[in-house]
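1. structure for this input, please:
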Amino acid sequence: MKILVVEDEHRIAQAIKQGLEQESYAVDVCYDGEDGYNTAANDEYDVIILDVMMPVMNGFEVCKKLRADGNHTPILLLTAKDQNRDIVQGLDTGADDYLAKPFSFEVLLARIRALLRRPQDVFGELLQVGDLTMNPNSHEVRRGEKVVALSTKEYAILEYLLRNRGRVLSKNNIMTHVWDFDAEILPNNIEVFIAYLRAKIDKPFKGANLIQTVRGFGYKIDA
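-> Presented below is the predicted three-dimensional model:
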């Protein structure tokens, strides 16, 4: 899954980026509101983390402008103070949640997971197709009773497929949501990673193959 962090304090922005990347997210960072707005408007993200107090455009303005554009990406506002006025203004401009500074990284992760769950039809905390389950909290993947070990990118691709169960995803969709903007990745690389995934979650098991190729369009996962 791909996250945009818009935060003018470089130390905080890089700490968030590093922590999220260790959790298998792809992360882009912008350091002012105008750059953040332009980036969000021209690329697809699964969550936007948006600081309120920023130069050029503040977080409220960015959020309001994105919503006016019809951008419905979940937005988590970072506020400097836990003040009711800031919270109300942020939610009224279209934000989905807020987090007051200072905050723990564990709480930030929990808020992100909650935002990612909202539009999805999932069973409890699990992402599931057939007998394949993924627990986003523990990062454990199982096919039936067997735990499946995945690399960071294999996990990220599988999570994206599971969160879009039944939807055909093009190679470009996968590249956009799993790798950050600066990554050097080609469409053929997606085929390689899909082959790796199939070798781990389909081929060793009896029954239907879950990862399906839709020729000319891309891939989907379904039972």
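2. what lies in contact with the helix or strand of the chain with the lowest mean pLDDT?
-> Here the helix or strand of the chain ranked lowest by mean pLDDT, DSSP states H and E is helix 84-92, holding a mean of 74. The contact list for helix 84-92 (Cβ atoms under 8 Å, 6 or more residues apart in numbering) reads Val52, Gly59, Phe60, Cys63, Leu77, Thr79, Ala80, Tyr98. Glycine gets a C-beta too; all of them are placed from N, C-alpha and C.
3. what's the answer for stretch 68-77, then?
-> Under the criterion Cβ under 8 Å, 6+ apart, residues 40-41, 44-52, 59, 63, 66, 90, 94-99, 108, 111-112, 115-116, 118 lie in contact with stretch 68-77.
4. the strands in the chain, which residues?
-> For the chain, the strands defined by DSSP state E cover 2-6, 26-30, 47-51, 75-79, 97-100, 127-129, 132-135, 140-143, 146-147, 211-214, 218-221.
5. parallel or antiparallel, list what pairs with the first one.
-> Strands flanking strand 2-6 in the sheet, each with its direction: strand 26-30 (parallel), strand 47-51 (parallel) (DSSP bridges).
6. what is the mean pLDDT for that strand?
-> Throughout strand 2-6, pLDDT has a mean value of 95.
7. going forward, begin numbering at 20 instead of 1
-> OK, 20 is where the count begins now, so the last one is strand 21-25.
8. distance from that strand to the middle of the chain?
-> Relative to the centre of its chain, strand 21-25 is centred 8 Å away, using Cα atoms, centre = their mean, to the nearest Å.
9. cool, stretch 166-182 as well?
-> That offset, for stretch 166-182, works out to 12 Å (Cα atoms, centre = their mean).
10. next, the buried residues of that stretch.
-> Within stretch 166-182, the residues that count as buried by 16 or more other Cβ atoms under 10 Å are 167, 169, 172-182.
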